[in-house]
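Build me a model:
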Amino acid sequence: MTNWTVAVADAARSPLNREYNAEMISRYWGRPANDVEIDAYERDEQDHDVPVFLVVSRDGEEAGCLGMRFLDDVTGELTRMFVRTPFRGQGAASALLKAMEAEAVERGVTTLRLDTRNDLVEARTLYAKHGFAEIDRYNDAQYADHWFEKTLKRLTPPPPFAMS
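As a prediction, the model looks like this:
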């Protein structure tokens, strides 16, 4: 069992964003992305509205990230799920999802949504494993092919202990 640490971070300052962008561009085009493409994407296309951003690390080394924006008062949208290659398959993505679900519940979110692409097969598998169900299109994201949703269970305190 790998011990992961998940912490809130600043999305705008995280180097993981650029790595995420490079991978998404590379996978989409089927070739390595170059700096010009990444710079253009970060300047022109990337949505910068990511008010909740988590980073997972092990032994002080950042392994991945996950962001959440708010669609309304009770609906969060996950974005920028990314795990660096050496850490994949070791539970980092699951740790991020569990931590983000807890963060979402603390912020009053009752539903999480996300979109993803056809070529991100492992992402779709991960989301299904964690209880996300495929739904109809809910946004107009240009590169999205699949949309998922999960209803979150509120953590309610146990009833008070009754003495008789």
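
what ranges do the strands span in the chain?
5-8, 52-58, 61-70, 75-83, 111-116, 133-135, 146-151 (DSSP state E).

closest one to Asn34 among the ones you listed?
Across these, Asn34 has its closest neighbour in strand 75-83 (18.9 Å, Cβ to Cβ). Heads up, the C-betas are built off the backbone N, CA and C, glycines and all.

tell me how far the closest one is from the chain's mean position?
3 Å (Cα atoms, centre = their mean, to the nearest Å).

Report all helices and strands that that strand contacts.
Applying 3 or more Cβ pairs under 8 Å, 6 or more residues apart in numbering; DSSP states H and E, we find strand 75-83 packed against helix 15-29, strand 52-58, strand 61-70, helix 92-106, strand 111-116.

what about 7 Å?
helix 15-29, strand 61-70, helix 92-106, strand 111-116 (3 or more Cβ pairs under 7 Å, 6 or more residues apart in numbering; DSSP states H and E).

Just the residues contacting that strand, thanks.
The contact list for strand 75-83 (Cβ atoms under 7 Å, 6 or more residues apart in numbering) reads 16-17, 19-20, 23, 50, 63-71, 92-93, 96, 100, 104, 109, 111-114, 123.

List the buried residues of that strand.
Within strand 75-83, the residues scored as buried using 16 or more other Cβ atoms under 10 Å are Thr75, Gly76, Glu77, Leu78, Thr79, Arg80, Met81, Phe82, Val83.

Look up how far Lys153 lies from the fifth one.
What it means is Thr79. In this view, Thr79 and Lys153 are 22 Å apart by Cβ to Cβ, to the nearest Å.

In the helix or strand bottoming out on mean pLDDT in the chain, which residues are buried?
Sorting the helices and strands of the chain by mean pLDDT, DSSP states H and E puts helix 15-29 at the bottom, at a mean of 89. For helix 15-29, the neighbour count (16+ other Cβ under 10 Å) marks Leu16, Asn17, Glu19, Tyr20, Asn21, Ala22, Glu23, Met24, Ile25 as buried.

got a list of what the third one touches?
By that I understand Glu19. Phe82, Arg84.

Next one: the residue nearest to His146 when sequence neighbours are not counted from Thr125, what distance?
Spatially, and ignoring its direct neighbours in sequence, His146 is nearest to Thr116 (5.2 Å; Cβ to Cβ, 6 or more residues apart in numbering). Separation of Thr116 from Thr125 (Cβ to Cβ): 11 Å.
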